[in-house]
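kindly return the folded structure for what I paste below:
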Amino acid sequence: MSKSHHVRRGEDIPRKKPNKQARYPAESSCHVHTDSKITSFCKSHNQLCCDQCVILGHKVCTDVKSIGDYSQQFVNSEDYKKAVQIIKSLQSAYTAKKKEANMNLEEVDLYYHKAMETFKVELDKIKMSDIRTLKAVVSTYDSVLGQLGSWSESIDTYKNNNQDNELAILVLRSIKDVDTIKDNIQRLCNDDSFVRYGFVTDETSLLRLDKAPFLVQTITVKDESDEKKCKITDIALLRDDLVLLADYTNLKL
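The predicted structure follows:
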């Protein structure tokens with residue numbers, strides 16, 4: 001320990017006094033011994049030193065020079081020019097980056113409101129399309145139900161009054177019109193669903209609008225008697241409300 005360090009004891013140990021005002025400007029003060037002034041430069045360690053640093057850590061260094069002697073040499077050297085150039089370049093680059101960051105800061109609200117308006121426009125399109133479709137479906141059902149209600153009321157009236165001729169004519173005519181009504185319902189009301197949508201997480205930090213234009217219903221296909229997990233190898237839609245599934249592992253339909 002004593003080979004490259006000077007050992008002190010007791011009262012000889014330098015102590016840092018709290019809240020003591022610096023005796024030298026920040027540039028001239030030692031970073032290790034803040035109450036001491038820079039006096040030397042050790043070229044081997046590329047380190048600025050005060051007298052205490054030289055005694056404690058650089059006694060064996062052969063190229064320690066006083067700052068007065070080294071400063072003249074350094075200011076006229078290429079190392080000085082490169083260091084100043086680096087500082088100036090960084091100052092210029094970071095000034096430009098700060099300006100760019102401030103400009104971006106001003107644009108945050110602009111892009112936020114623009115994005116919100118874009119999302120709102122797209123959602124409004126979905127909403128209005130669904131409303132138009134469903135209102136047309138409801139209006140068609142209202143019209144049909146009004147006609148069917150009128151027929152039912154007339155049927156009850158004619159039957160209660162024993163007006164068999166009128167009752168027969170009304171029912172026979174209604175039977176013929178029912179086919180037309182069913183065709184109209186099939187044509188105008190075959191889609192009474194709406195676009196189900198929501199925001200889901202994406203790879204980016206934003207959310208992605210996910211649309212499902214059909215009704216998704218979860219059903220359980222595994223029967224209690226099935227010993228194995230179902231492996232569906234084929235699906236067939238038989239009717240709007242009937243699906244055929246081929247279960248390979250349990251050998252079932």
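
now residue 31. Nearest residue, chain neighbours left out?
Nearest residue to residue 31, sequence neighbours excluded (CB to CB, 6 or more residues apart in numbering): residue 48, at 7.7 Å. (Glycine included, C-beta is placed from N, CA and C.)

residues in contact with the host helix or strand of that neighbour?
Following DSSP states H and E, one finds residue 48 within strand 47-49. Residues outside strand 47-49 that contact it (CB atoms under 8 Å, 6 or more residues apart in numbering) are 30-31, 38-42, 53, 57-58, 64, 67.

report the distance from that strand to the chain centre.
Put simply, strand 47-49 sits 49 Å off its chain's centre (CA atoms, centre = their mean, to the nearest Å).

list the helices and strands the following helix or strand past it packs on?
Moving toward the C-terminus from strand 47-49, the first helix or strand encountered (DSSP H and E) is helix 51-57. On a contact count with 3 or more CB pairs under 8 Å, 6 or more residues apart in numbering; DSSP states H and E, helix 51-57 meets strand 40-42.

direction included, what does the strand it packs on pair against?
strand 47-49 (antiparallel), strand 64-66 (antiparallel) (DSSP bridges).

run the chain-centre distance for it.
Worked out by CA atoms, centre = their mean, strand 40-42 lies 53 Å from the chain centre.

need the contact partners of it.
47-51, 53-54, 58, 61, 63-67, 70, 74.

quick one, which of these are buried?
Among those, the ones that count as buried by 16 or more other CB atoms under 10 Å are 47-50, 53-54, 58, 61, 64, 67, 70.

TSV for those residues, including distance to residue 151?
Output for those, formatted as TSV (distance: CB to CB, whole Å):
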residue	distance to residue 151
47	105
48	105
49	109
50	110
53	109
54	114
58	112
61	113
64	115
67	111
70	112
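
and those, which is closest to residue 6?
residue 54 (9.8 Å; CB to CB).

contact partners for that closest one?
Per CB under 8 Å, 6+ apart, neighbours of residue 54: 39-40, 42, 64.

what are the ranges of the strands in the chain?
40-42, 47-49, 64-66, 196-201, 207-212, 232-239, 242-247 (DSSP state E).

which of the ones you listed has the lowest mean pLDDT?
Lowest mean pLDDT within those: strand 207-212, at a mean of 66.

local confidence estimate at the closest residue to residue 74 other than its chain neighbours?
Ranked by CB to CB, 6+ apart and with sequence neighbours excluded, the top spatial neighbour of residue 74 is residue 80, at 5.3 Å. We have a pLDDT of 89 for residue 80.

what residues sit buried inside stretch 78-95?
For stretch 78-95, it's none, nothing buried (16+ other CB under 10 Å).

any idea how far it is from the middle of the chain?
With CA atoms, centre = their mean, you get 39 Å for stretch 78-95.
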